[in-house]
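Please find the sequence and the predicted model below.
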Amino acid sequence: MIPERIEQTYDQLVMQFVANCVEWVAEALDSDYLTIFRRMDKVGLIDGYIMKCYDVLHLESRQNITKDIIETLEIWEKQI
């Protein structure tokens, strides 16, 4: 018997991707999830970049996404 597939909405997929991005960056920077989330939230990175660019970002490898988000976070933090 094949298990029933759980369908996710687009918004659920995006939010899951955001959570993964925060976790990946936290791991790469040897930091905790909440600290990275707060840094991203402070500069508007979650809404203004990760969610806004989901359609392009989620096609990249985990390594490229993580590197790109770290670079973007550091640039955006310098601007405030």
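Ah, there it is. Residues are numbered from 1 along each chain as shown.

from here on, contacts and neighbour counts on C-alpha atoms
OK.

Okay, helices next: where are they in the chain?
With DSSP state H as the criterion, the chain has helices at 10-28, 33-43, 45, 54-57, 62-78.

Next, format those helices as TSV and append distance to I2, mean neighbour count and mean pLDDT.
Output for those, formatted as TSV (distance: least, Cα to Cα, whole Å; neighbours: other Cα atoms under 10 Å; pLDDT from 0 to 100):
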stretch	distance to I2	mean neighbour count	mean pLDDT
helix 10-28	23	16	97
helix 33-43	35	16	98
helix 45	40	19	98
helix 54-57	30	13	96
helix 62-78	30	15	98
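
In CSV: these, plus distance to P3.
Output for the helices of the chain, formatted as CSV (distance: least, Cα to Cα, whole Å):
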stretch, distance to P3
helix 10-28, 20
helix 33-43, 32
helix 45, 37
helix 54-57, 28
helix 62-78, 28
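
Of all the ones you listed, which one is nearest E4?
For the helices of the chain, proximity to E4 was assessed by Cα to Cα; helix 10-28 is nearest, at 18.1 Å.

Against which helices or strands is that closest one packed?
In terms of contacts (3 or more Cα pairs under 8 Å, 6 or more residues apart in numbering; DSSP states H and E), helix 10-28 is packed against helix 33-43, helix 62-78.

Using CSV, lay out these together with distance to E7.
Converted to CSV, those look like this (distance: least, Cα to Cα, whole Å):
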stretch, distance to E7
helix 33-43, 27
helix 62-78, 23
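
Can you say which of the ones you listed is nearest to W24?
helix 62-78 (6.1 Å).

So what touches that closest one?
Helix 62-78 is contacted from outside by C21, W24, V25, A28, R39, M40, V43, L45, L57, H58, using Cα atoms under 8 Å, 6 or more residues apart in numbering.

which residues does the spatially most central residue of the chain contact?
Geometric centre of the chain, nearest residue: C21, 2.8 Å, by Cα atoms, centre = their mean. Contacts here follow Cα under 8 Å, 6+ apart; on that basis C21 touches I65, T66, I69.
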